[in-house]
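Visitor: I need the structure of the sequence given here:
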Amino acid sequence: MARSRTPKVDAPYPPGWEPFLAAINANLDDDTPRLVFADWLQENGDEERAEFIRIQCEGHRTQPSSPTDVCGSDLLRANRRRWLRGLPRYLVDNPKRWEFSRGFVTLVSVKGPKWSADGHLIRRLTALEHLILDRVYPDVMNSPALEGLRGLTLNGMTSETVATLTNSAIVPSLVDLLLFPISAAAIGDRYLSDLFAHPALTRLRRLTLDRTHRGNAVVMALADVPRLATLEEFHIQSSGLDASGAEALARFPGRLRVLSLPANPLGDEGVRQFVRSPFLRGLVELGLGSCELTNESARLLAGWDGLQSVKALNIFGNDIDRRSANLIANSPNARNLTDFRR
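Guide: Predicted coordinates for the structure are as follows:
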């Protein structure tokens, strides 16, 4: 029987590129394989791509939070179509659907059926890290091309989508997860609890949920899974998180650095739960905009020793007057507070 061969693709690299890209994908955090590839590209006549990879790697090392399209932007404009060669036309023609970082397309935004058809090709041609999926049919989550991806944004989820995500090949590698339901009532508590209870979900560092109306259930599920102490950033907006959810979040034994809870009915009792917590002492950013807070919350935050590590605080949209907001601004605990929205 003849061996099956991987079909050739119209790649944006000189012949012989495959082992280099495989090495990059095997160690996405390390720039060394990228720089080795850059040297090889230069030796094989693609000096501009080599320079672009080096510039973006250096920019990411020195300014990791800067926009991905700043470093090497002139080179990218001049070579965009050549460096996107082989990718589906709907990506090549729409710059809003992809981002370069450290020399490669690391983010793409596609509709679910397109990923089912082209996911393997996209993964083969670049060092993809984050996938944004629109029109997420449950079957899309069964795609083998999801395996190994670190970031996933799902727009238009349902309970069935979450159920298939729970059994997807992407779960063990997930670091960054953003979930946006098709409607507030589209996801049941059980489906989210099953997802966060998955034993392979051990690398999650950033979690974003919007308009789920399941905020309390989500936080309680997270608090009951100690291995999710890897979580560093938690963003949950307009999801009905109240004081009971705040109590669960306050006992979450993680290392949260960013906590953003806008448009949730936390109330003063929710803030009271936070300031009592021994676990929320390392926050760098805290978002409490439009959380039904009063001057009592300002008093609690001003006296909270956990405020000492906070650099960015948002209390905009609450019933807090200027005098009470100034209690926070002038608190000795606010010594690192440089970004205060009130």
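Visitor: pLDDT below threshold where in the stretch 151-300 of the chain?
Guide: 184-186, 254 (pLDDT under 70).
Visitor: you'd agree Y137 is up against P113?
Guide: Yes. Between Y137 and P113 there is a contact under Cβ atoms under 8 Å: 7.2 Å. No exception for glycine: its C-beta is placed from N, CA and C like everyone else's.
Visitor: higher neighbour count, these two?
Guide: Y137 (17 against 12; other Cβ atoms under 10 Å).
Visitor: next secondary structure after the helix or strand I24 falls within?
Guide: For I24, the element it lies in under DSSP states H and E is helix 18-26. Counting by DSSP H and E, the element after helix 18-26 in chain order, helix or strand, is helix 32-43.
Visitor: in that next one, what counts as buried?
Guide: Across helix 32-43, burial judged by 16 or more other Cβ atoms under 10 Å covers P33, R34, L35, F37, A38, W40, L41, Q42.
Visitor: need the helices for the stretch 151-300 of the chain, in chain order.
Guide: For the stretch 151-300 of the chain, the helices defined by DSSP state H, counting those that start in this stretch cover 159-166, 189-196, 215-223, 243-250, 267-276, 295-302.
Visitor: can you state the direction angle for the helix holding I24 and helix 32-43?
Guide: Per axes from the mean of the first three to the mean of the last three Cα atoms, to 10 degrees, the angle that helix 18-26 makes with helix 32-43 is 150 degrees.
Visitor: run through who's touching helix 18-26.
Guide: Y13, P33, R34, V36, F37, W40, F104, L125, T126, A127, G148 (Cβ atoms under 8 Å, 6 or more residues apart in numbering).
Visitor: how distant is that helix from the center of its chain?
Guide: 23 Å (Cα atoms, centre = their mean, to the nearest Å).
Visitor: repeat that for stretch 317-329.
Guide: Remark: stretch 317-329 is offset 31 Å from the chain centroid, using Cα atoms, centre = their mean.
Visitor: stretch 134-145 too?
Guide: Using Cα atoms, centre = their mean, the offset of stretch 134-145 from its chain centre is 18 Å.
Visitor: in that stretch, what counts as buried?
Guide: V136, Y137, P138, V140, M141, S143, A145.
Visitor: biggest separation within those, which pair?
Guide: Maximum pairwise distance in the buried residues of stretch 134-145, criterion Cβ to Cβ, is 15.8 Å, between P138 and A145.
Visitor: quick one: the strands in the protein?
Guide: Listed in chain order, the strands found in the chain under DSSP state E are 98-101, 104-111, 130-134, 151-157, 176-181, 206-210, 233-237, 258-260, 285-287, 312-314, 339-341.
Visitor: show me the contacts for F252.
Guide: V219, L222, A223, A229, L231, F279 are the contacts of F252 under Cβ under 8 Å, 6+ apart.
Visitor: typed the wrong thing, it's R227
Guide: The contact partners of R227, by Cβ under 8 Å, 6+ apart, come to L201, T202.
Visitor: quick revisit: and the furthest pair within the contacts of helix 18-26?
Guide: Among the contacts of helix 18-26, W40 and G148 lie farthest apart (Cβ to Cβ), at 23.1 Å.
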